[in-house]
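[1] Return a 3D structure for these sequence lines:
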Amino acid sequence: CHVYVAKEWIAKDLGSVVQLRQLEGEIILPIIRQTGSIDYHHVFKVVVDAKKPIGRWNVYIDRRSGEAVAREQTLMFQTTPTNSATIKYNVPERYPRSTRYDAAASEVGILIGGQASVTSKSGVLALTDSSTVTAQTTVIGPYVRVRNDAGQEVSIQTPIAPGQTIIVDRRQDEFEDAQLTTFIASGIAKAKARSFAPNMRYLDEQLRATVNIDGECNAYSDGTTINFFPASRRCENTGRLTDVVYHEFGHALHANSVIRGVGEFDRAFSEGVADFLSATITGDPAMGRGFFYSQQPLRHIDPSSGEARWPDDIDNDVHVTGLILAGAFWDLRKKLIVTMGEEQASRAVEAMYYQAMRRSTDIPSSYAEMLAADDDDGDLSNGTPNFCEINDAFALHGLADPQTAGIGFDIPQLDAFN
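    Below you'll find the predicted structure:
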């Protein structure tokens, strides 16, 4: 558990591929606060190696809470840029009329005097000297590329000096705000996916996102790209809705997760996993707030009116059918939060969720795949660590038998050759 927490912290914040180097014994770690006070933590020291960007990190995990409390980079590099500035994009947390914040323009291409540069994970831009230069921001980076179907991509030239923070805010321009929002939200979605699927090749590729496509009230993924439509009288520009960006990325994530010959791409299943990805990022089961220019969500995976159940709530609209699966994932998350806390519960469910995406053929088959992912000894017949919670959550949605005392799976036996 300590190793998992350490690896996830580095992977989530830095976007690195992380491997354990060593786990050291318990030590007392003093942490000096800005006020001058000192907190003492009884911690485990986890040493991990990171790639992209390269690093070796000591991560300190509190023995009691299991949470990461400090980390330090231990590699000594030859040079460190002394002249740098920070680029941030102002975007909505959920939708344009919700709270907005200044997000680090992570790994985005910036032109400085015609020369291409890329910001760091934290939006830091290295400058070659101490003078003020002209920087041109973009929505193109090594991991995300946003295309504006309605014209030229947003490009803003601004003077920038070492130590300065530049905030790009285009909230008054729908089409440009959609580009900035989609860029930032796509990066967040990829970072979340990396936390539970660190070895997926697709996540190392450049995600192509197109915004402001002629149409309204929709968005889609073709399994590789994600695509969004502008605003209309009825609904908001979907490229400005972070929930929708997360959801569409969820489809692409699912399509690239399926193990050929084992799992299959089922459309209703994909709607469920895409809705859950959005919900687990935001921590809110109400998906698509702002779609109708209000707090009202587009869909709710944990409605007060009752649970979506299989097969009663199968619908011609695969989005509606997908609520059965999304609700099961969310209810499992809620049940594990009671015993583990929110952070650890989210990690546990996301790990099982990813394996279910890889191997399930449809919504009903996800139950067995969740148990298999949770299993810790290769024998489902003796239970799994979270069997009761999985069974209860999936039973609420008609995907498991609530009266089941045992799992009902035996160790496979070889009985004949064909």
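
[2] And the pLDDT for A328?
    Here the pLDDT value assigned to A328 is 97.

[3] Could you check how many residues crowd around it?
    Residues within reach of A328, counting by other Cβ atoms under 10 Å, total 31. Just so you know, the C-beta spots here come from the backbone N, C-alpha and C atoms, and that holds for glycine as well.

[4] repeat for G322
    There are 26 residues near G322, going by other Cβ under 10 Å.

[5] Name the helix or strand for it, please.
    G322 belongs to helix 318-340 when assigned by DSSP states H and E.

[6] For V258, which non-adjacent residue is spatially closest?
    Spatial nearest neighbour of V258, excluding adjacent residues (Cβ to Cβ, 6 or more residues apart in numbering): F265 at 5.6 Å.

[7] Surely that neighbour touches L253?
    No - between F265 and L253 there is no contact under Cβ atoms under 8 Å: 11.7 Å.

[8] Mind checking which of the two has more residues around it?
    L253 (26 against 15).

[9] my guess is that one contacts K192, does it?
    No - if you go by Cβ under 8 Å, L253 and K192 don't touch, sitting 9.3 Å apart.

[10] Run through the bridge partners of V18.
    Beta bridges link V18 to A50, judged by DSSP bridges.

[11] Quickly list what's touching both of L253 and K192.
    Residues touching both L253 and K192 (Cβ atoms under 8 Å, 6 or more residues apart in numbering) are L277.

[12] before we move on, back to that, so for the helix or strand just after the helix holding G322, what gets flagged as buried?
    As assigned by DSSP H and E, the chain's next helix or strand after helix 318-340 is helix 342-359. Neighbour counts over helix 342-359 (16 or more other Cβ atoms under 10 Å) mark 344-359 as buried.

[13] helices or strands up against whatever helix or strand comes next after helix 342-359?
    Later in the chain than helix 342-359, the nearest helix or strand by DSSP H and E is helix 366-374. Using 3 or more Cβ pairs under 8 Å, 6 or more residues apart in numbering; DSSP states H and E, the elements in contact with helix 366-374 are helix 318-340, helix 342-359, helix 387-395.

[14] quick one: low-confidence parts of the stretch 1-150 of the chain?
    For the stretch 1-150 of the chain, the stretches flagged by pLDDT under 70 are 1-2, 6, 9, 12-16, 25, 30-40, 52, 76-82.

[15] Leaving out chain neighbours, which residue sits closest to S270?
    Nearest residue to S270 in three dimensions, chain neighbours excluded: H254, at 4.8 Å (Cβ to Cβ, 6+ apart).

[16] quick one: V43 is in a strand?
    Yes - with DSSP: H, G, I helix; E, B strand; the rest coil as the criterion, V43 is located in a strand.

[17] For it, grab the count of nearby residues.
    23.

[18] mind checking which helix or strand I28 is in?
    For I28, the element it lies in under DSSP H and E is strand 17-32.

[19] Now do that strand: distance to the chain's middle.
    Counting by Cα atoms, centre = their mean, to the nearest Å, strand 17-32 is centred 25 Å from the centre of its parent chain.

[20] can you list contacts of stretch 247-255?
    186, 189-190, 193, 197, 202, 207, 219-221, 223-228, 265, 269-270, 273-278, 287-288, 357.

[21] at 6 Å what do you get?
    By Cβ atoms under 6 Å, 6 or more residues apart in numbering, the list of residues contacting stretch 247-255 from outside reads 189, 193, 219, 221, 223-224, 226, 265, 270, 273-274, 277-278, 357.

[22] which stretches of the chain form helices?
    Along the chain, counting by DSSP state H, helices occupy 2-14, 174-196, 242-257, 267-282, 318-340, 342-359, 366-374, 387-395.
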